[in-house]
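>>> Test case, fold it:
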Amino acid sequence: MRAVLQRVSRAAVRVDEGDGPVVVGEITRPGLLALVGATHDDGPQQVETIARKIAELRLFDGPAGEGGRGGEVSVSELGAPVLVVSQFTLYADVRKGRRPSWNQAAPAPVAEPLVEAVAQALRQRGLEVATGRFGAHMHIDMVADGPVTILVEA
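Below is the predicted model:
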């Protein structure tokens, strides 16, 4: 599995429905946007590793102590939200030619439950989690913070 973590001030996912765009997932305060992709041989171990990294990576400034500048803290320590969005294109292979190959990306019946399992594992850790809609054409609005962007692989 792969995840691209983006520290954000806020983020929302919209999909087009009959009457226009509808928000399907949103975080309205500082947290993480996690774009998550799966490959063919991913399973519970990779889900747990990605979820642990999302929850525990120290990507935020904590409160300042006696020494002045605050230490780095995780979304778990802050109680910050996470927006999880499926992203099969994280497994694009562009080494040859001008057209990406998607052969490394897991097919939807494999990837969808894995991405949902990441969201569920984060919820089990007590985090507030919003999600996109698997397989939909999504529009993501976000305000990047920093910017801080981290690639995580399991």
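
>>> what about stretch 5-21, distance to the chain center?
With C-alpha atoms, centre = their mean, to the nearest Å as the basis, stretch 5-21 stands 13 Å off its chain's centre.

>>> before we move on, what about stretch 48-68?
Relative to the mean C-alpha coordinate of its chain, stretch 48-68 is positioned 16 Å out (C-alpha atoms, centre = their mean).

>>> And the contacts of it?
The contact list for stretch 48-68, computed with C-beta atoms under 8 Å, 6 or more residues apart in numbering, reads 1, 3, 5, 7, 30, 32, 34, 36, 69-78, 80, 82, 118, 121-122, 125, 127, 148, 150, 152, 154. Backbone N, C-alpha and C define where each C-beta goes, glycine included.

>>> these two touch, right, Ile27 and Ala130?
Yes - contact criterion C-beta atoms under 8 Å: Ile27 and Ala130 qualify, at 5.6 Å.

>>> from the contacts of stretch 48-68, which would you call buried?
When those are checked for burial by 16 or more other C-beta atoms under 10 Å, the buried set is 1, 3, 5, 7, 30, 32, 34, 36, 73-76, 78, 80, 82, 118, 121-122, 125, 127, 152, 154.

>>> From those residues, which land in strands?
Assignment to strands by DSSP state E places the following of the buried ones among the contacts of stretch 48-68 there: 3, 5, 7, 32, 34, 36, 73, 82, 152.

>>> got those residues as a markdown table, with distance to His139 and pLDDT columns?
Formatted as a markdown table, those follow (distance: C-beta to C-beta, whole Å; pLDDT from 0 to 100):
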| residue | distance to His139 | pLDDT |
| --- | --- | --- |
| Ala3 | 20 | 98 |
| Leu5 | 20 | 98 |
| Arg7 | 20 | 96 |
| Leu32 | 19 | 98 |
| Ala34 | 17 | 98 |
| Val36 | 18 | 98 |
| Val73 | 30 | 92 |
| Val82 | 19 | 98 |
| Val152 | 24 | 97 |
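
>>> State the pair within those residues that is farthest apart.
Largest separation among these by C-beta to C-beta: Val36 and Val73, giving 22.0 Å.
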